[in-house]
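Peer 1: sequence first, then the predicted structure:
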Amino acid sequence: MGYLETNGLPQLLISLTAYILFGPGFLFLVTINELARLFVSIRLRVNYGEYISLIPYGSEAIWALKRPNRTTMSVAIFKIDKQLPLERVKQTLNDVVLPAKSSNGDQVYLKLKNTLVVKYGYACWKKIGEKFNLDEHVRSLPGDKVYSKAELKKLINDWFQDMSEERPQWEFIIVPRFVDNADESETCLFICRIHHAYMDGMCFAMMFWTELPLNGSPPCAYYAWTKLIDVEVIREIRKKLNNPSLTSLIVNAYVAAAKEVLPVGRVPDLLRVMELCAFLPYPIDCLQNRIATFYYGINSLQPDFERISATKKESWKAMTGPWIPTTYSLIRLFGRFPTRAILMDSGTALELIGFPANPTDTGTLIFCASYNNSIKITGQTRSDYLTEKEFEDILERIPGIIHEWAHKLKDDEVEGIFDVPINP
């Protein structure tokens with residue numbers, strides 16, 4: 001899909017014409033599908049009773065769509081300064097999280113006792129009931145082994161593989177002993193692995209805040225992360241550059257690092273960026289997916305600060321265009337069509353490393369987590385885009401570039417470039 005302008009009279013006329021031409025046929029298709037869903041729901045009720053039912057929300061059901069070499073699992077890694085007892089995690093989940101109820105008395109996390117299955121071509125929730133066993137969802141790796149960064153990357157690749165439909169597709173894993181770099185002391189890792197159908201990243205974070213303190217051979221995936229970056233450095237840069245978004249800074253830092261690391265010609269002149277956003281406010285009574293996306297292009301040939309300014313303009317145009325309501329609505333709608341088919345008070349989380357699911361053809365995903373007055377940038381790329389060494393070098397260079405930007409701005413070397421405010 002090419003880059004589309006998202007403002008102006010021509011774009012409006014094109015959109016209106018498309019709605020008039022294709023709207024009736026699309027509504028007819030939706031109507032037929034809803035009738036099919038009604039028939040399937042009746043058949044499920046007859047054959048399975050209350051144990052299997054259609055997933056009502058398209059934004060959840062769409063994650064049942066399986067494509068070769070694409071991922072629907074998400075992985076978050078918490079680095080903790082103390083050992084995390086396995087039994088303590090199980091106790092917190094069993095006594096605090098799973099029984100939690102909303103203001104109207106409904107169990108907030110009841111979905112975690114369901115497993116995602118496909119019946120008659122449609123995505124469904126299957127109730128496990130009494131068969132649910134918490135021991136199958138919380139485990140610890142051997143405590144006599146110290147895991148390295150390279151070994152963790154191999155494990156991450158395994159954790160992104162689909163889980164069996166025999167039980168709910170999520171688990172918490174404890175890595176008792178981990179060393180990120182040779183000059184660092186041992187830490188403990190708490191890994192959260194979950195199918196994206198259960199919830200998106202924002203809802204996942206809310207669960208932790210409220211309940212847990214704290215065509216040839218297929219390409220393989222590479223994973224990398226940066227050192228921590230002080231939030232104050234980011235704030236100073238944003239203040240000097242007329243408040244571009246954090247995403248704008250990260251995207252441009254990645255581009256700047258790629259231009260330094262990769263040979264001339266490897267970075268395309270025009271880059272297409274897809275940003276994720278969420279519809280707020282989130283209901284606090286249930287786990288959900290509320291993501292939407294918008295797209296824009298940036299020119300990698302521009303100097304860094306000019307490119308940041310241009311990115312802010314382009315991202316704002318994309319946000320105010322049709323992308324967000326369109327993608328949000330389409331995700332919720334198409335997910336209704338057929339598909340093929342804990343942290344305790346015993347320690348403090350030092351860092352958060354997150355890797356989102358990638359069900360699309362996106363070559364490189366960049367994820368940023370803000371925690372404890374610092375941010376950490378993580379990423380996932382495909383081997384047909386970058387080598388593992390190139391990707392690691394690019395992400396390793398990003399904190400240095402951000403600090404160099406802060407130094408240049410502190411010295412007022414770019415005074416006057418951003419004097420004209422960018423109005424919404």
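Peer 2: Cool, got the structure. Numbers count the residues shown, from 1 in each chain.

Peer 1: shaky segments in the protein?
Peer 2: Where the chain drops to pLDDT under 70, the residues are 1-12, 15, 182-183, 202, 205-219, 279-288, 332-352, 359-361, 371-372, 411-424.

Peer 1: and the longest helix for it?
Peer 2: Among all segments of the chain classified by DSSP state H, the helix with the greatest residue count is helix 9-48.

Peer 1: list the buried ones in it?
Peer 2: Asn33, Ala36, Arg37, Val40, Ser41, Leu44 (16 or more other CB atoms under 10 Å). Yep, even glycine has a C-beta here, placed from its N, CA and C like the rest.

Peer 1: and which of these is nearest Tyr296?
Peer 2: Nearest to Tyr296 among these, counting by CB to CB, is Asn33 at 31.6 Å.

Peer 1: can you pull out the helices in the stretch 251-400 of the chain?
Peer 2: Under the criterion DSSP state H, counting those that start in this stretch, the stretch 251-400 of the chain contains helices at 304-319, 323-334, 388-410.

Peer 1: just say which of those is most tucked in.
Peer 2: Each of the helices of the stretch 251-400 of the chain was assessed for mean neighbour count using mean count of other CB atoms under 10 Å. The highest is helix 304-319, with a mean of 20.

Peer 1: what's the angle from that one to helix 388-410?
Peer 2: Using axes from the mean of the first three to the mean of the last three CA atoms, to 10 degrees, one finds that helix 304-319 and helix 388-410 are set 100 degrees apart in direction.

Peer 1: which of the buried residues of helix 9-48 lies closest to Tyr122?
Peer 2: Closest approach between the buried residues of helix 9-48 and Tyr122, by CB to CB: Val40, at 5.5 Å.

Peer 1: mind listing what the closest one touches?
Peer 2: Under the criterion of CB atoms under 8 Å, 6 or more residues apart in numbering, the neighbours of Val40 are Leu54, Lys119, Tyr120, Gly121, Tyr122.

Peer 1: and what of Lys131?
Peer 2: With contacts defined as CB under 8 Å, 6+ apart, the neighbours of Lys131 are Arg167.

Peer 1: how near is it to Phe178?
Peer 2: Summarising the geometry, the distance separating Lys131 from Phe178, computed by CB to CB, to the nearest Å, is 33 Å.

Peer 1: I'd guessed Tyr122 sits against Ala61; true?
Peer 2: Yes. Look at Tyr122 against Ala61 with CB atoms under 8 Å: they come within range, at 7.4 Å.
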